[in-house]
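Undergrad: quick one: sequence plus predicted model below, questions after.
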Amino acid sequence: MPRHTKIVATLGPSSTDPQVLERMVHAGIDVVRMNFSHGKTEDHIARAEAVREASARAGRPVGILADLQGPKIRVGRFADGKVTLQKDAEFILDARCELGNAQRVGLDYKDLPKDVKTGDVLLLDDGRLKLGVTRVVGHEIRTVVKVGGELSNNKGINRQGGGLTAPALTAKDMDDIKTAAQIGVDFVAVSFPKSAADMYMARQLMRAAGADALLIAKIERTEAVANLDEILDASDGIMVARGDLAVEVGDAAVPALQKKMLRAARDRNKLTITATQMMESMINSPVPTRAEVSDVANAVLDGTDAVMLSAETASGQFPIEVVEAMSRVCLEAEKSAEVSLDREVLNRVFTRIDQSIAMAAMWTAYHLNVKAIASLTQTGSTALWMSRLNCGVPVYALTPEIRARNQMTLYREVYPLLMSQTHHDRDVLLWEAEQVLLEQGVVEYGDLIVLTIGEPIGASGGTNTLKIVRVGDHPAPGTLE
């Protein structure tokens with residue numbers, strides 16, 4: 001069986017060499033993440049082109065995800081690059097400070113003094129340092145150090161419990177959306193959204209720029225957890241971004257939240273990516289820790305569409321080995337994944353014909369023990385519905401649209417293939433689909449397969465036919481002679 005769970009890998013200095021990138025594609029990456037927090041427009045354009053070339057050489061589709069920077073609330077710079085804060089010492093966050101020292105430092109988010117009050121707790125550098133706010137005076141936030149340590153330039157700031165008012169989409173993000181549209185990315189991830197309004201704005205900006213990428217909301221604010229349902233409704237998927245989320249809600253709360261968010265997204269037919277520190281030790285080690293193996297496996301068992309690598313492939317020493325390791329863990333975890341198709345299907349109400357066909361195909365494939373499902377699709381929506389349930393049968397999505405193929409690289413248990421659908425005869429198209437599966441080596445003569453297709457041919461959202469066939473039982477249609 002092919003791997004069901006998809007792998008997202010972040011590009012960076014360790015993975016931009018064309019040979020390394022091609023080896024990573026062969027090792028199993030399905031989507032590349034371009035982190036728009038780093039690099040210039042020309043860098044992103046060059047990397048996207050390199051990804052497409054590596055994908056073509058490897059003969060595997062690879063999607064491209066543009067990850068917007070979002071509002072980065074950080075301390076400024078220090079005269080000496082860093083300071084050491086001592087416990088119980090006084091320290092000032094000063095919106096007007098140019099270069100910091102051991103007593104104060106500047107802020108890149110000048111409105112932070114308006115967002116905090118006496119008694120608030122500020123967490124710096126992913127929670128490694130903790131400051132208690134004693135007083136806010138004009139542009140100064142006066143604090144006492146509760147947990148000290150080294151603080152260097154441009155480290156992040158979070159307020160414990162969330163509540164900072166910085167907008168999700170900055171001027172830089174708006175420019176980056178235009179770059180993403182120019183590149184033709186398949187997915188855009190929005191950082192730090194607080195509500196559905198943030199996602200609606202991002203979609204409007206994308207459409208204005210001429211992009212039709214799928215929109216992924218990164219859940220990393222306390223407010224986003226509270227507004228999860230409305231954010232899901234406004235998005236095509238979510239990323240469980242466990243770094244900033246853990247700082248805001250507390251690290252102990254994250255595992256249960258992860259399960260809740262993945263379940264809620266799948267119930268709404270939305271995509272999911274689980275991210276942050278999944279195999280972080282492999283930045284410097286050729287093998288993962290046992291805890292990391294368990295973390296990845298649990299995300300797979302929770303039903304995530306994809307698991308994500310960040311610094312492991314962007315700047316780590318073993319970008320190929322970490323992809324191979326993650327792929328092994330996913331495959332092993334999938335062997336023990338629970339198949340709950342009967343309960344899942346029986347508890348659903350279908351209001352659309354194409355969705356009903358998708359569910360019927362999954363039910364039939366599971367109970368008839370077929371070798372594969374082949375979904376002839378224009379947009380990928382039928383394949384998306386199929387991917388929300390685990391029936392243990394791979395779904396091969398056959399589409400004439402390159403964009404649809406690339407977006408389906410993120411769908412769990414779906415394997416997208418290009419197939420020209422120029423004929424308008426249903427039987428001819430179904431026979432051609434059979435030939436594509438044979439050429440790919442995923443079925444053999446005599447195997448049972450389930451085929452879905454829509455009529456009239458080529459109409460989006462028109463899947464209305466399910467057919468069960470034994471491969472090779474029918475000769476080529478006379479129209480092909």
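TA: Great, that's in hand.
Undergrad: what comes into contact with the helix or strand hosting Val450?
TA: Assigned by DSSP states H and E, Val450 falls within strand 448-454. Residues outside strand 448-454 that contact it (C-beta atoms under 8 Å, 6 or more residues apart in numbering) are 354, 357-358, 361, 364-365, 368-376, 378, 382, 393, 426, 429-430, 433-434, 437, 443, 461-471. (C-beta placed from N, C-alpha, C; glycine too.)
Undergrad: pLDDT on it, on average?
TA: For strand 448-454, the mean per-residue pLDDT is 92.
Undergrad: just give me how far that strand sits from the chain centre.
TA: Distance, stretch centre to chain centre, for strand 448-454: 29 Å (C-alpha atoms, centre = their mean, to the nearest Å).
Undergrad: buried set for the helix or strand following that strand?
TA: Later in the chain than strand 448-454, the nearest helix or strand by DSSP H and E is strand 463-470. Residues of strand 463-470 classed as buried by neighbour count (16 or more other C-beta atoms under 10 Å): 463, 466, 469.
Undergrad: tell me the contacts of the first one?
TA: For Thr463, the residues meeting the contact criterion (C-beta under 8 Å, 6+ apart) are 353-354, 357-358, 375-377, 382, 452-454.
Undergrad: tell me what it is bridged to.
TA: Note on Thr463: beta-bridge partners by DSSP bridges are Gly454.
Undergrad: again with the last one
TA: Beta-bridge partners for Val469, by DSSP bridges, are Ile449.
Undergrad: quick check: it touching Leu430?
TA: Yes: the pair Val469 and Leu430 passes the contact test of C-beta atoms under 8 Å, sitting 7.2 Å apart.
Undergrad: shaky segments in the protein?
TA: Within the chain, the stretches with pLDDT under 70 are 1, 339-349, 422-423, 456-461, 477-481.
Undergrad: from the contact counts, what lies against the helix or strand harbouring Lys218?
TA: Using DSSP H and E, Lys218 falls within strand 214-219. For strand 214-219, the contact count by 3 or more C-beta pairs under 8 Å, 6 or more residues apart in numbering; DSSP states H and E identifies strand 187-190, helix 196-208, helix 228-233, strand 237-241, strand 271-275 as packing neighbours.
Undergrad: looking at those, which is closest to Lys178?
TA: For those, the distance to Lys178 is smallest for helix 196-208, at 8.3 Å, taking C-beta to C-beta.
Undergrad: send the alpha carbons of stretch 417-437 over as PDB?
TA: Extracted C-alpha coordinates of stretch 417-437, given in PDB (Å, rounded to 0.1, in the frame of the first residue of the first chain):
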ATOM      1  CA  LEU A 417      -2.700  11.600 -11.700                       C
ATOM      2  CA  LEU A 418      -3.100  13.700 -14.900                       C
ATOM      3  CA  MET A 419      -5.400  12.200 -17.500                       C
ATOM      4  CA  SER A 420      -6.700  14.100 -20.500                       C
ATOM      5  CA  GLN A 421     -10.400  13.800 -20.600                       C
ATOM      6  CA  THR A 422     -11.000  14.900 -24.200                       C
ATOM      7  CA  HIS A 423     -13.500  12.200 -25.000                       C
ATOM      8  CA  HIS A 424     -17.200  12.800 -24.300                       C
ATOM      9  CA  ASP A 425     -18.100   9.100 -24.200                       C
ATOM     10  CA  ARG A 426     -18.300   7.800 -20.700                       C
ATOM     11  CA  ASP A 427     -17.200   4.200 -21.600                       C
ATOM     12  CA  VAL A 428     -14.200   5.500 -23.500                       C
ATOM     13  CA  LEU A 429     -13.100   7.600 -20.500                       C
ATOM     14  CA  LEU A 430     -13.600   4.700 -18.000                       C
ATOM     15  CA  TRP A 431     -11.500   2.400 -20.200                       C
ATOM     16  CA  GLU A 432      -8.800   5.100 -20.400                       C
ATOM     17  CA  ALA A 433      -8.800   5.400 -16.700                       C
ATOM     18  CA  GLU A 434      -8.300   1.700 -16.400                       C
ATOM     19  CA  GLN A 435      -5.300   2.000 -18.700                       C
ATOM     20  CA  VAL A 436      -3.800   4.800 -16.600                       C
ATOM     21  CA  LEU A 437      -4.000   2.600 -13.500                       C
END
